[in-house]
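Peer 1: okay, structure incoming, though there's no sequence with it:
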């Protein structure tokens with residue numbers, strides 16, 4: 001009897017369309033498969049993997065394309081992709097476990113566990129609660145410069161938070177912020193006695209059987225890993241993995257495959273239950289998915305122009321909106337050259353997870369909405385065509401603005417000083433350092449000891465820094481002279497770096 005049951009279970013996993021004939025039309029999976037293939041061609045995505053769960057069963061799971069463009073290294077259901085910010089919901093669940101164990105409370109002050117934490121505003125330092133770490137409402141704006149082009153350790157990143165000026169007052173707004181998920185990871189470590197990377201492996205991955213999933217890039221052990229891709233000058237090219245994400249692991253460093261992530265998808269869709277138990281209590285699961293703060297239109301996805309939601313909120317690691325009268329919990333993940341999306345509709349007991357290896361390929365949104373239409377709600381809307389048109393328009397608008405800016409360049413101007421006078425080291429305690437050298441008559445830059453580029457004159461004392469890592473684009477450097485006619489500082493983005501006298 002046990003052998004028969006086991007055989008049935010295996011058949012359900014291998015042939016989901018057969019196992020679900022009672023609930024799905026016979027051609028549902030075939031139609032969706034065809035739609036995915038069509039969409040991949042439209043968006044020019046090298047590789048993709050997708051899983052759909054309904055009524056606690058995998059009803060669709062498939063891998064497409066190649067791990068690396070120009071090779072025959074095809075994606076399979078065990079190929080690792082970056083989860084990126086879909087990691088956030090995992091970190092929130094880890095905190096929920098500690099809440100269930102009575103080791104902390106959502107409304108505890110963060111300084112109760114991290115007394116050394118110091119933010120720019122002493123009031124916010126004192127009033128910041130554990131709950132706030134998950135809601136992007138601290139008042140601190142985006143501070144990704146602390147890890148994306150930097151060599152700071154996790155502890156050093158937290159030390160630098162004291163110099164990040166607030167963008168708004170505590171809990172009065174919403175600006176997406178990765179760093180406070182790192183703070184949450186440190187709280188988990190302090191309370192549990194185990195680093196976040198170990199805690200999530202022992203308390204999430206192992207119980208669920210996610211045996212190929214790793215919490216950081218540094219843990220990768222084999223080469224069945226998707227390569228990231230970026231569209232550079234209209235050509236899709238292979239780029240480097242953004243391994244700096246390890247420094248803010250709890251915000252986005254997990255890597256998984258579609259086989260493993262389907263287990264996490266099923267677990268969270270089924271109120272955190274899995275074979276053998278549950279991750280968090282029913283009350284904590286509801287708390288994790290309860291709308292906690294309002295999201296501004298500026299901080300939400302451009303898809304709102306098409307879906308026109310009545311509400312947009314944020315829970316603990318989940319964006320939320322209404323879709324066809326249902327509440328949709330979802331979150332994207334984005335690192336350079338790779339994307340993911342995790343979406344759940346508990347009322348319909350339906351969820352979807354998508355990996356892709358092309359930078360900001362919004363095929364993820366298209367397939368997400370199509371999956372809910374196809375497997376739960378009905379509808380024939382061509383989401384791929386509509387969203388491709390939307391994001392193509394956004395890209396063209398951005399290109400237009402860039403051309404308009406470049407057209408304002410003042411011709412026939414010259415730097416105030418000889419090129420060698422612009423060399424040296426420029427520093428800021430928050431943003432780091434920029435070292436400028438003169439090599440074979442051309443200025444070069446080294447940003448925070450890891451990012452390099454060529455510096456070319458733009459107009460007057462403004463130069464353009466063109467990064468060697470092409471996917472990082474360009475920045476503008478505006479040099480300032482003191483009353484002695486010597487260089488004193490350079491403005492780079494929102495930072496002003498002072499010239500070192502050493």
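Peer 2: Ah, there it is. Remember, predicted model here, so these are calculated numbers, not experimental data.
Peer 1: wait, what's in contact with residue 450?
Peer 2: 149, 150, 151 (C-beta atoms under 8 Å, 6 or more residues apart in numbering). C-beta: built from backbone N, CA, C; applies to glycine.
Peer 1: so which residues of the stretch 1-150 of the chain form helices?
Peer 2: For the stretch 1-150 of the chain, the helices defined by DSSP state H, counting those that start in this stretch cover 2-14, 16-19, 28-43, 87-100, 122-127.
Peer 1: go on, the stretch 301-450 of the chain?
Peer 2: Counting by DSSP H, counting those that start in this stretch, the helices of the stretch 301-450 of the chain are 304-307, 363-372, 383-407.
Peer 1: so the longest one versus helix 363-372, what angle?
Peer 2: In this case it means helix 383-407. Using axes from the mean of the first three to the mean of the last three C-alpha atoms, to 10 degrees, the inter-axis angle of helix 383-407 relative to helix 363-372 is 160 degrees.
Peer 1: the helices of the stretch 301-450 of the chain: which one's closest to residue 85?
Peer 2: helix 363-372 (12.0 Å; C-beta to C-beta).
Peer 1: what is the closest one packed up against?
Peer 2: helix 28-43, strand 47-54, strand 326-335, strand 338-345, strand 350-356, helix 383-407 (3 or more C-beta pairs under 8 Å, 6 or more residues apart in numbering; DSSP states H and E).
Peer 1: most packed of these?
Peer 2: Of all the helices and strands packed on helix 363-372, strand 350-356 has the most neighbours on average by mean count of other C-beta atoms under 10 Å, namely a mean of 28.
Peer 1: show residues contacting that strand.
Peer 2: For strand 350-356, contacts defined as C-beta under 8 Å, 6+ apart pick out 45, 47-54, 81-82, 86, 226, 258, 261-262, 264-266, 268-269, 338-345, 363-364, 367-368, 371-372, 375-376.
Peer 1: could you chop this structure up by domain?
Peer 2: 23-397, 419-499 (automatic domain parsing).
Peer 1: same list (those domains) but as a markdown table, adding distance to residue 405.
Peer 2: Converted to a markdown table, the domains of the chain look like this (distance: least, C-beta to C-beta, whole Å):
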| stretch | distance to residue 405 |
| --- | --- |
| domain 23-397 | 13 |
| domain 419-499 | 9 |
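Peer 1: most packed of those domains?
Peer 2: Comparing these by mean neighbour count (mean count of other C-beta under 10 Å), domain 23-397 comes out on top with a mean of 19.
Peer 1: so how far is that domain off the chain centroid?
Peer 2: Relative to its chain's centre, domain 23-397 lies at 6 Å (C-alpha atoms, centre = their mean, to the nearest Å).
Peer 1: coming back round to it: what's the closest of the helices and strands packed on helix 363-372 to residue 295?
Peer 2: Here strand 326-335 is closest among the helices and strands packed on helix 363-372 (C-beta to C-beta), at 11.9 Å.
Peer 1: what is that closest one packed up against?
Peer 2: The helices and strands touching strand 326-335, judged by 3+ C-beta pairs under 8 Å, 6+ apart, are helix 87-100, strand 319-323, strand 338-345, helix 363-372.
Peer 1: to residue 114, which of those lies closest?
Peer 2: It's helix 87-100; of the helices and strands packed on strand 326-335, that one is closest to residue 114 (C-beta to C-beta) at 13.4 Å.
Peer 1: one step back: can I get the helices of the stretch 301-450 of the chain in CSV including distance to residue 162?
Peer 2: CSV is the format used below for the helices of the stretch 301-450 of the chain (distance: least, C-beta to C-beta, whole Å):
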stretch, distance to residue 162
helix 304-307, 35
helix 363-372, 36
helix 383-407, 34
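Peer 1: possible to save these as TSV with mean pLDDT and distance to residue 114?
Peer 2: Output for those, formatted as TSV (pLDDT from 0 to 100; distance: least, C-beta to C-beta, whole Å):
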stretch	mean pLDDT	distance to residue 114
helix 304-307	98	35
helix 363-372	98	34
helix 383-407	97	39
